[in-house]
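# below is the sequence, then the predicted model.
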Amino acid sequence: MIKFLLEKEFKQLLRNSFLPKLIIGLPIMVLLVFPWVANQEIKDINLSVVDNDYSPYSKRLIQKITSSGYFRLTATPFSNKEAMQGINSGDADIILEIQRDFERNLMTEGVAKVLISANAVNGTKAGLGSSYLSAILQDYAGELREESGVAPAGYAPVPTIHIATYNKFNLYLDYKVFMIPAFMVMLLTILTGFLPALNIVSEKESGTVEQINVTQVRKFTFIIAKLIPYWVIGLLILTICFLLAALIYGLSPVGNIVTIYAFAAIYILVVSGLGLVISNYSNTMQQAMFVMFFFVIILILMSGLFTPVESMPDWAQIATIVNPLKYFIQVMRAVYLKGSGVGELTTQLVALAGFAVCLNAWAVMSYKKRE
């Protein structure tokens, strides 16, 4: 019986001319655009400099700041009041005001004052921008001390420490390398969640589900026949994502790709099971779509995709325990970047397997079949 049900499901999918375009087009769009626009690196901060000294030292400082790659000099107003107008209009993110006698104070007293003002509408950008600027100023002060051979007042000369940095797993600190595996999980969630969610309810609207209800098909067999096509589609989408990541970004898993496919096979059952549960309780496609959208948004925002789970409030960290998306993102990043194996991902395996069993059992029990 399941053979005929599967044949029916695949025929329905193949008759949908939009589905192949969605399966191929959405991964291409997401992986081409999202890794670039969802970049949390802070660069090209608009800097306005009020130089009240106009000395070689102040000009050298400005040159050092602009050559760092983090700041873009957009204005050099003559007063702090004029510079503040740039912040009010949104043209400036940070103002650096160099006090009068900056060079003389550095040479005679070893101390000079500057003022940093930040546009804190975007708190993250303001905080990081001020930190970057402060670090550059400290580095500049260190350069001047080394050149003059004079230690700060009241302190003995401090030996110079040369630091060598090695970034394991992400050598060049490329944010895209960290985000692309997570975007693959997001794609898998959207497509293998929404499509099953609309499946049963669409048959309710068309009346074909009533024909199934009067047959001897068991509920378990019916749900399995619904799951398998989307399970195949999910693995196909994942394969397309792997190829795109390799071709566009040169990114391939450090670990065994079979490990990813094994976890993906379980995860697709989890998300498709959730979609079928929602479809069972929905009466219209619109209702199913909005309910699924509600859950997917929450799962994505609380998965650690954009912000670390550890940075969330305690109550949110507890809530993420029942978020399957979090576990699969951890798997993808661990295998892709660190080369982790199944032995290191036991917690994620048990969690995803538990979700798969519970949600699909719920899908079977919640399906109302006329006996």
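Done, it's in.
# the chain: strands as residue ranges?
45-51, 71-75, 94-98, 114-118 (DSSP state E).
# any idea of the angle the third one forms with strand 45-51?
I take that to be strand 94-98. When axes from the mean of the first three to the mean of the last three Cα atoms, to 10 degrees is applied, the directions of strand 94-98 and strand 45-51 differ by 20 degrees.
# so what strands line up beside strand 94-98?
Using DSSP bridges, strand 94-98 pairs in its sheet with strand 45-51 (parallel), strand 114-118 (antiparallel).
# which residues sit against it?
Residues outside strand 94-98 that contact it (Cβ atoms under 8 Å, 6 or more residues apart in numbering) are 45-53, 58, 61, 65, 71, 80, 83-84, 86-87, 114-119, 126, 129-130, 133. Bear in mind the C-beta positions are built from the backbone N, C-alpha and C, glycine included.
# okay, residue 156: pLDDT?
Residue 156 is assigned 48 on the pLDDT scale.
# number the residues from 54 up from this point.
Yes, from this point I'll number from 54; that puts the last item at residue 209.
# what about the helices in the stretch 104-253 of the chain?
Counting by DSSP state H, counting those that start in this stretch, the stretch 104-253 of the chain has these helices, from start to end: 109-119, 133-142, 155-161, 176-201, 228-259.
# tell me the most buried of those helices?
helix 228-259 (a mean of 21; mean count of other Cβ atoms under 10 Å).
# would you mind finding the most buried of the strands paired with strand 147-151?
Of those, strand 98-104 is the most buried (mean count of other Cβ under 10 Å), at a mean of 22.
# now it, how far from the chain's geometric center?
31 Å (Cα atoms, centre = their mean, to the nearest Å).
# convert the C-alpha atoms of that strand to PDB, please.
The C-alpha trace of strand 98-104 is given here as PDB (Å, rounded to 0.1, in the frame of the first residue of the first chain):
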ATOM      1  CA  ILE A  98      32.800  53.400  10.400                       C
ATOM      2  CA  ASN A  99      32.100  57.000   9.400                       C
ATOM      3  CA  LEU A 100      34.700  59.100  11.300                       C
ATOM      4  CA  SER A 101      34.700  62.900  11.800                       C
ATOM      5  CA  VAL A 102      37.900  64.400  13.100                       C
ATOM      6  CA  VAL A 103      38.200  67.800  14.800                       C
ATOM      7  CA  ASP A 104      41.900  68.500  14.700                       C
END
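# can you give the contact residues for it?
Contacts with strand 98-104, where a contact means Cβ under 8 Å, 6+ apart, come from 111-112, 115, 118-119, 123-133, 135-136, 139-140, 144-151, 178, 182, 185-186.
# so where is the stretch 104-253 of the chain shaky, pLDDT-wise?
Applying pLDDT under 70 to the stretch 104-253 of the chain flags residues 201-216.
# sorry, back to before: for the strands of the chain, could you give me CSV that also reports distance to residue 235?
Output for the strands of the chain, formatted as CSV (distance: least, Cβ to Cβ, whole Å):
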stretch, distance to residue 235
strand 98-104, 26
strand 124-128, 29
strand 147-151, 30
strand 167-171, 30
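# show residues contacting stretch 300-318.
Taking Cβ under 8 Å, 6+ apart as the rule, stretch 300-318 contacts 84-85, 88, 222, 229-230, 233, 241, 284, 287-288, 291, 295, 298-299, 381, 384-385, 387-395, 398, 401-402, 405.
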